[in-house]
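Student: predicted model and sequence below, questions to follow.
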Amino acid sequence: MSSNVKTASPMARRAAIRDMVLLALFVAILLLMTFTPIGLIDLPIIKATILHVPVIIGAILMGPKKGAFLGAVFGIASLIKNTMIPSALSFAFSPFIPVPGTDSGSVWAVVISIIPRMLIGPAAWLIYKGIEKITSSKIGFRAVGAVIAGAFGAIVNTALVMGLIYFVFKDAYAAMNGIPVDAVLAAILGIVAANGIPEAIAAAVLVPIIVLPLQKFLKQY
């Protein structure tokens, strides 16, 4: 336990310990969801990820710094999974997977895997707090804020990841899919729409359902 926790008031120490326990719990949930099928929702056409949901919830409950930390855990876990169980697009998430047309991976994969995920929590927190500031802290407005923050966090994840893949790996993506380079943008936008919309809807539904009861529960401690 840090010296700051030791010298703080009893109430502050209790809050700090609560946040550490909560952070550890969310890390465990993220790892469980990453390395099991729990992190995916089967839809008629695609599998939508909900790995960003714990990051968004953690940021709303504990603030942007811890949200960024949870996003980093999400990104590192994604890098490890793409290294251990590679798919066609794993070269964009793991520097250990060769980029199509080359014999080696790219350090840009680390950036794509981690940086957008670190921004999910702070972005969602800003939206949530902004809505709370201009409305009120009543449960109805908090629910609206959680819905919008959940959707926005999911969009940040999809848009930044796929946007970076387009700018960094446009040629490799074209080679992997056997399409002309000038057709990559349309393909990327198709994925953003096909994945991003269901993931945003899933986050918009799940975040308020989980956040509001947790907020009420945590106020007791």
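Tutor: All right, it came through fine.
Student: contacts and neighbour counts: CA atoms only from here.
Tutor: OK.
Student: for the chain, which residues score under the pLDDT cut-off?
Tutor: Residue ranges of the chain with pLDDT under 70: 1-8, 41-48, 137, 220-221.
Student: give the contact list for the most centrally placed residue in the chain.
Tutor: Closest to where the C-alpha atoms of the chain average out (Cα atoms, centre = their mean) is H52, at 3.0 Å. Residues counted as contacts of H52 (Cα atoms under 8 Å, 6 or more residues apart in numbering) are 71, 74, 117, 120, 153-154, 157, 203.
Student: check these against L89 and report the nearest one.
Tutor: Of all those, L89 sits closest to N157, with 16.1 Å by Cα to Cα.
Student: helix or strand right after the helix or strand containing that closest one?
Tutor: Element membership for N157 (DSSP states H and E) is helix 139-177. Using DSSP H and E, the helix or strand that follows helix 139-177 in sequence is helix 184-218.
Student: and that next one, what does it pack onto?
Tutor: On a contact count with 3 or more Cα pairs under 8 Å, 6 or more residues apart in numbering; DSSP states H and E, helix 184-218 meets strand 47-49, helix 52-62, helix 139-177.
Student: kindly calculate the angle that the second one makes with helix 184-218.
Tutor: Note on geometry: by axes from the mean of the first three to the mean of the last three Cα atoms, to 10 degrees, helix 52-62 and helix 184-218 are set 40 degrees apart in direction.
Student: in the very next helix or strand once past helix 52-62, what's buried?
Tutor: Proceeding N to C from helix 52-62, the next assigned helix or strand is helix 64-84, under DSSP H and E. Within helix 64-84, the residues scored as buried using 16 or more other Cα atoms under 10 Å are 64-83.
Student: to the chain's geometric centre, what's the distance from helix 64-84?
Tutor: 8 Å (Cα atoms, centre = their mean, to the nearest Å).
Student: and the contacts of that helix?
Tutor: With Cα under 8 Å, 6+ apart as the test, helix 64-84 has contacts from 23, 26-27, 30-31, 34-35, 51-52, 54-56, 58-60, 90, 93-94, 96-97, 110, 113-115, 117-123, 125-126.
Student: gap between F93 and T102?
Tutor: From F93 across to T102, the span is 16 Å (Cα to Cα, to the nearest Å).
Student: just give me the neighbour total for A186.
Tutor: Using other Cα atoms under 10 Å, A186 has 10 neighbouring residues.
Student: what's the separation between it and A193?
Tutor: Relative to A193, A186 is positioned 11 Å away (Cα to Cα).
Student: and F93, by the same measure?
Tutor: For F93 relative to A193 (Cα to Cα), the value is 20 Å.
Student: and those two? Which one has more around it.
Tutor: Counted by other Cα under 10 Å, F93 and A193 do not tie: F93 has more neighbours, with 29 against 15.
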